[in-house]
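Engineer: just need the structure, nothing else, for what follows:
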Amino acid sequence: MARVARPGGCVGMHDICWKRDTPEALKRRLAEIEGERPESIDGWIVLFNTIGLTDVMALDRSPVIPEWMREMRKRIGLLRQLRLAVRVLSRWGLGGLRDVWTSQRIFAGEHTGYAIVAGRKPGRRSTGVEGGIEPPGRA
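Structural biologist: All right, here's what the predicted structure looks like:
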């Protein structure tokens, strides 16, 4: 992301994150099920700084997760949830159903958070002038 941003441009992302006290076994389990390796908020900040971004800021939005989970279940409805369970069961068997259930428990659990992280690529800030051509009304 940072490589394609213009000098002075912003790079941002939002993703799940681990809380500080997350057991390593839980991290390994999510990686096994989902192939994901989230960072902690501090880890995201370090990563953004490591790739050369400046003015890195992070917002912990973890309190929104329970409401999102409730809203998702409400939107999907019981019938669709059952259809999804049948589809998972037919494709991946009981192990797949167990993995989906475990994954949902991890995402809704006390060790999982949600963060918004942004930083700025060093360099001159954009002036809005593309290729040296002034936009109409600026000459």
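Engineer: at the geometric centre of the chain, which residue sits there?
Structural biologist: In the chain, the residue lying closest to the centroid (Cα atoms, centre = their mean) is D15, at 1.2 Å.
Engineer: helices or strands up against the strand or helix carrying E67?
Structural biologist: Under the criterion of DSSP states H and E, E67 resides in helix 65-108. Where contact means 3 or more Cβ pairs under 8 Å, 6 or more residues apart in numbering; DSSP states H and E, helix 65-108 is packed against helix 24-34, strand 112-120. The C-beta positions use only the backbone N, C-alpha and C, and glycine is treated the same way.
Engineer: list the neighbouring strands of the last one plus their orientation.
Structural biologist: Using DSSP bridges, strand 112-120 pairs in its sheet with strand 10-18 (antiparallel), strand 54-60 (antiparallel).
Engineer: got the buried residues for the first one?
Structural biologist: Think strand 10-18. V11, I16, C17, W18 (16 or more other Cβ atoms under 10 Å).
Engineer: of those residues, just say which sits nearest to R98.
Structural biologist: I16 (20.3 Å; Cβ to Cβ).
Engineer: need the pLDDT of the closest residue to the closest one other than its chain neighbours.
Structural biologist: Excluding its sequence neighbours, the residue lying closest to I16 (Cβ to Cβ, 6 or more residues apart in numbering) is P38, at 4.9 Å. The model reports P38 with a pLDDT of 90.
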